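S.K.: Need coordinates for the following:
(4 chains)
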Protein chains: 2
Amino acid sequence: MCLSYSWLEWGMSGKPKPTIRDVARLAAVSTATVSAVINGTKNVSSKREKRVRDAMEVLDYYADQNARSLRTGQSRVIGAVIPDLTNTFYAEVLAGAEEAAAAAGYSFFLCNSNEEPAQERRHLDMLFSHRVEAVLIACCDSSTAYDRLLRRRFPLVFFDRIPHGSHATAVVTDNQAGGYAATQHLLKQGHEAIAIIVGSLDRSTHAHRLDGYRMAMQEAGLPIRSEYCGLGGLSIETAYGFTVDLFRSSKPPTAIFCSSNKLLLGCVRALGQLGLRCPEDVSIVGYDDFPWNESFHPPITTVAQPNREMGRKAMELLFHQINARRENRAVSDQAVMLPPTLRVRSSTAPVSAARKTISKVVESGKLV
Amino acid sequence: MCLSYSWLEWGMSGKPKPTIRDVARLAAVSTATVSAVINGTKNVSSKREKRVRDAMEVLDYYADQNARSLRTGQSRVIGAVIPDLTNTFYAEVLAGAEEAAAAAGYSFFLCNSNEEPAQERRHLDMLFSHRVEAVLIACCDSSTAYDRLLRRRFPLVFFDRIPHGSHATAVVTDNQAGGYAATQHLLKQGHEAIAIIVGSLDRSTHAHRLDGYRMAMQEAGLPIRSEYCGLGGLSIETAYGFTVDLFRSSKPPTAIFCSSNKLLLGCVRALGQLGLRCPEDVSIVGYDDFPWNESFHPPITTVAQPNREMGRKAMELLFHQINARRENRAVSDQAVMLPPTLRVRSSTAPVSAARKTISKVVESGKLV
DNA sequence: CTGAAAGCGCTAACAG
DNA sequence: CTGTTAGCGCTTTCAG
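M.R.: Numbering: from 1, shown residues only, chains lettered A, B, ... in the order given. Below you'll find the model as predicted:
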């Protein structure tokens, strides 16, 4: 393979980038012919086509996408707005989407909203300024700010998080089913004192996981104790603090369901420092399956989301919308729900009869 | 805050995007005046300026960056090529870079090369087609393919990985120092049988970490046993396999240095399954500090890289080059080396006298 | 201080 | 089949 990268030489002083006219001149044809060769839009005699291709090769010509975009109104670019790139979940969804987009000749404009609505807004403006053809977004603003979008035809799909009460096109995992499966698994092993650590309920994802937990508990005829619900924080630290409190209370749980990967990290960290053994002292279920979950000791039972699949599916919906718009067709909104998978590992085990009645309390002072 | 997003309505059939002429017409000025207001390039009387701003507001006008880019030759876009987005290390570097770029009004074109040189090449072509002003890259092709770039003036900075034997502008961590610090730390605790799990030596990063290990061992007058060097794989599975083999050999190590986050995951997973305790049976040092390292039990002593800092620094160098090019100045290449930090946690402990001579062997059959 | 007009590189009618 | 030409939306001289 010959890696020339000679276009980089254009950066040198003096040598300007070759344009379609340079190619046309060298090939002794018109610019229209060159364009036709590039885009395959018209029949060109093979002799001239070869001349054109040779000229492009010699000059190392790359069509200017911006000029093309200006002319055609199609940029072949998709904007992505993510609340936190360093959360592996989003990185994986994006990787899946990128793959699908690349296959269709599309590229990604990436924006990190950092969970700040103001930044999200700025980024959306910027994306639009660059005339992206569509937007893929995991929104951080759950208000009704997006309502207007829903009635419009700008190609846009939400993923992971859906703005509150909207019927936009979106692809999410069935978070309620996930929460239900996790809780159900614990119940089947005889656990009754099951705590849940759940992030902010502003996030549709977390709210639904809590719903699933509730549903399973209610079906089992068990009460939902508010002391067992760790609400209102998305950080490792919050989960850590809540877990510590849990085991200093008069009746600690025998199992904990952590509804996101970050929360799991905080919970596990606390368990380690409290000197509690898993699954002997407490069973754990996590959410979002990443490589390290399997490297913990013991490996963590986890509700896995189909991350990359989510990205691919989102792109599919996006292309659907893009095409519809191009043909000026209306396209009905659809919410795709992907099923989560419970991966059972060794962090969950049946409760012993003894533990069931007298759960493990850690004295206030103790922090290994 | 009023979130209107009304530009999305332009997606509707019929209503075209407002252009600078629409604004000019509504404000009853010329397009040149509107442009001057937008860019602040000329003095405009405040009365007319207000008229223009109002018109922009009313029409919800967003300047077309592509048209602007075509005209000015400056796209305000930077291309990023990453070998694996789902590796948190790259995600964090990128997050740092994105932050710096956003502050300067630049956006990111993101590409995942997936460790494939061919894809990398395609992505670079694509980026150029879109007329990015600069490229930030962690290359997957360590051949001399980039040599030509080095003598050119296209703004480009390598990060993390440097192409073999090049003197390009780059920002990396001092991987040799990192490897040295990790090994040194283990030596100080009395370890002598220290194994290293290191990825492919094609990667400058891993090669340098191995160098550091070697240097520390030699300084301590200890032999470098090839059975203790797990070379040639970047995956979790490879590290897992190598670790298992290590403890089935006649003389297992008392400490292991894992030279990347993925390798650590594989190693720790094996340890758990072999039923080995850390740090009693074996001490562990990892590379790349991520939240989960601290959640392991015990928390893992790790060489931390300044990830976000690396991204910021890379952007700084990039802007330096962009400005130089704009002014047609030459700019000398510089390789910035960031210092790593050893974060000591509980996965490393002094070797007991007994273990030092008779290290723990796991029988062939045993896999918990 | 303001506006008319040229043209960035490309595509798509439209004529030959 | 091929070439001429008119813009896409914007910035930027250059005259007023």
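S.K.: in chain A, which residue is closest to the centre?
M.R.: A:Tyr90 (3.3 Å; Cα atoms, centre = their mean).
S.K.: What segments of chain A are strands?
M.R.: Taking DSSP state E as the criterion, chain A carries its strands at A:77-82, A:107-112, A:134-137, A:156-159, A:170-173, A:194-197, A:229-230, A:255-258, A:283-287, A:301-304, A:335-338, A:341-343.
S.K.: closest to chain B out of the ones you listed?
M.R.: strand A:107-112 (4.1 Å; Cβ to the nearest Cβ). The way it works is simple: take the backbone N, C-alpha and C, and place the C-beta from them, glycine included.
S.K.: for the closest one, what is the average pLDDT?
M.R.: The average pLDDT for strand A:107-112 rounds to 92.
S.K.: Same check on stretch A:69-80?
M.R.: In this model, stretch A:69-80 has a mean pLDDT of 94.
S.K.: what's the answer for stretch A:225-243, then?
M.R.: Rounded mean pLDDT across stretch A:225-243 is 92.
S.K.: again, but for stretch A:319-339
M.R.: pLDDT averaged over stretch A:319-339 gives 87.
S.K.: Pull the distance from that stretch to the chain's centre.
M.R.: 19 Å (Cα atoms, centre = their mean, to the nearest Å).
S.K.: who's in contact with that stretch?
M.R.: A:74, A:104, A:133-134, A:150, A:153-157, A:162, A:167-174, A:177, A:305-306, A:309-310, A:313, A:317, B:11, B:13 (Cβ atoms under 8 Å, 6 or more residues apart in numbering or on different chains).
S.K.: From those, list just the buried residues.
M.R.: A:133-134, A:150, A:153-157, A:162, A:168-174, A:177, A:305-306, A:309-310, A:313, A:317, B:11 (16 or more other Cβ atoms under 10 Å in any protein chain shown).
S.K.: could you point out where chain A is predicted with low confidence?
M.R.: Applying pLDDT under 70 to chain A flags the ranges A:1-15, A:142-152, A:353-368.
S.K.: any chance you could map the helices in it?
M.R.: Using DSSP state H, the helices of chain A run over residues A:20-27, A:31-39, A:46-59, A:65-72, A:88-103, A:117-129, A:147-150, A:175-188, A:204-219, A:236-246, A:261-274, A:291-295, A:307-326, A:353-357.
S.K.: follow-up on the earlier one: any idea which of the strands of chain A gets closest to DNA strand C?
M.R.: Among the strands of chain A, strand A:77-82 comes nearest to DNA strand C, with 14.8 Å by Cβ to the nearest atom of the strand.
S.K.: hmm, that closest one touching DNA strand C?
M.R.: No - using Cβ under 7 Å from any atom of the strand, strand A:77-82 never reaches DNA strand C; the gap is at least 14.8 Å.
S.K.: how about the residues of the stretch 51-200 of chain A that lie near DNA strand D?
M.R.: Counting by Cβ under 7 Å from any atom of the strand, the stretch 51-200 of chain A sits next to DNA strand D at A:Ala67, A:Leu70, A:Arg71.
S.K.: Pretty sure the first one sits against B:Leu70.
M.R.: In other words, A:Ala67. Yes - between A:Ala67 and B:Leu70 a contact is recorded at 5.2 Å, counting by Cβ atoms under 8 Å.
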